[in-house]
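Undergrad: Structure, please.
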Amino acid sequence: MNYPKVKRSELSNGMVLVTEDNPRSRAISLGFWIRSGSANELKSEHGAAHFVEHLMFKGTKKRSPLQIAREIERVGGEINAFTDREAICYHTTVLSEDTDVALDLLSDITQNSTFLDIEMKKERDVILEEIRMCEDSPDDLVIDLIYETMFDNQIFGRSIIGTPRSLKGFTRDTLWKFYKKTHNTGNMFVTAAGRVDHEMLAKEIESRFKPAHAKSSTKRHETKVVYKTRVKKKPIEQVHFVLGFKTEPFSSANRNALKLLNVYVGHGMGSVLFQRVREEQGLAYSVFSALNFHRDIGVLLLYAGTSPAQVNKCFSSVKDVVSKVANEGIEKELLSQTKKRLRGLLLLSAEDPEERMNSLGHTELYLGQTLQLGDDLKEIESVMVRDIKALSENIFSKEFSMVSVGSKGPTR
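TA: Next up is the predicted model:
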């Protein structure tokens, strides 16, 4: 099978361009990435990366906030952004014929945002509402809290969004300094997927961005895992709990084996976690696992939401599942089925240019090199039963952190 090929170029202005051209697509998804996120903030900058991301849409020297929104929407496209612990990404998806519209807009907001005081004040209030929304969404809140717990008293574990106190302490000068030290060509790269002309994009990006004199001075912080239990009391109907296990970073040779383990344990209705906890025992409506890769570490999360009366039984059921996987691994036939499922997930995502743009971005962020989809699929096929057994023993036979949100927590 012929898969779209990934191309990577180091540009004369210090930026990197990574593309994957799919001639069958009518769209292009374009991402401008900053190699700094909340984990690169100083102690005094908690929430600055996320705040700056918001301000990129609040006006430039030649565009108002309304013009930024409507310029993409008038061609039927979408524009958005996200802040993670190790990156910020500004991205658009448009028809390939409107590539110049997306490119011009992303180039403008990342270089010419004005940070007007009146927009800062309004956006601070917007982010405070975002914090309140998270507090009222226990299934989101518990994920934030597991990072705070696993990386206790470390910048890596802090909430990405910041706190009301940290937001109120920001001045324009604080945010402007963070913006200038992170949003420069020495700290940026671009990914694009869909119908892409790599050479044209390279020329356009080189012409629009001047070389930076130095790379960003943002600092990398430690990622030492702390194993503890935390209960966040809230008067709500359910108890939401998450178990957090330490795994390996994105660069690990076991990356695809870890993906297979995650799919087998808790990704989808056929997973052993879903079948045991929901289908056989009826203990939860929502139960799943999630695998998060980072530069220096990986985190495997197991989530369930259940009633206070059932919380201990549900927790025991989740533990039983991981204990069984640790002790028995995976049968050969089940591994074959899991490989087919993961292959299908990857090939279906290859049809979505935004998914591929995002995947290219994380590969560049963590590896600084290309990964061809075909090579990934071959590596998945090469994973053996013994590989899954070794990984599951290493992960699930060790300690874990746990956080719960609700009227009570499970008893360990």
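Undergrad: So, low pLDDT: which residues of this structure?
TA: Applying pLDDT under 70 to the chain flags the ranges 213-219.
Undergrad: Break the protein into its domains for me.
TA: 6-208, 229-406 (automatic domain parsing).
Undergrad: hang on, residue 63 packs against residue 108?
TA: Yes. Contact criterion C-beta atoms under 8 Å: residue 63 and residue 108 qualify, at 6.3 Å. Placement of C-beta: from N, CA and C, glycine included.
Undergrad: Residues in a beta bridge with residue 299, which ones?
TA: With DSSP bridges applied, residue 299 shows beta-bridge pairing to residue 246, residue 292.
Undergrad: mind checking how far it is from residue 262?
TA: Using C-beta to C-beta, to the nearest Å, residue 299 is found at 11 Å from residue 262.
Undergrad: And those two? Which one has more around it.
TA: A count of neighbours by other C-beta atoms under 10 Å puts residue 262 above the other of residue 299 and residue 262, at 23 against 20.
Undergrad: nearest spatial neighbour of the residue minimising distance to the centre of the chain, skipping sequence neighbours?
TA: The centroid of the chain falls nearest to residue 84 when counting by C-alpha atoms, centre = their mean (5.9 Å). Leaving out its chain neighbours, the residue that sits closest to residue 84 by C-beta to C-beta, 6 or more residues apart in numbering is residue 37, at 4.9 Å.
Undergrad: Near the one you found, how many other residues are there?
TA: Neighbours of residue 37 using other C-beta under 10 Å come to 23.
Undergrad: Tell me if I'm right that it and residue 87 touch.
TA: Yes. Residue 37 is in contact with residue 87 according to C-beta under 8 Å; the separation is 4.9 Å.
Undergrad: helix, strand or coil for the closest residue to residue 208 other than its chain neighbours?
TA: Leaving aside its chain neighbours, residue 208 sits nearest to residue 107 (4.5 Å; criterion: C-beta to C-beta, 6+ apart). What DSSP: H, G, I helix; E, B strand; the rest coil gives for residue 107 is helix.
Undergrad: residue contacts, residue 107?
TA: By C-beta atoms under 8 Å, 6 or more residues apart in numbering, the contact set of residue 107 is 32, 205, 208-209.
Undergrad: out of the domains of the chain, which comes closest to residue 220?
TA: Proximity to residue 220, assessed across the domains of the chain by C-beta to C-beta, is greatest for domain 6-208 (6.8 Å).
Undergrad: What's the end-to-end length of that closest one?
TA: Length of domain 6-208, first residue to last, C-alpha to C-alpha, to the nearest Å: 23 Å.
Undergrad: thinking again about what came up before, which among the domains of the chain is found nearest to residue 221?
TA: Evaluated over the domains of the chain, closeness to residue 221 peaks at domain 6-208, with 4.4 Å, by C-beta to C-beta.
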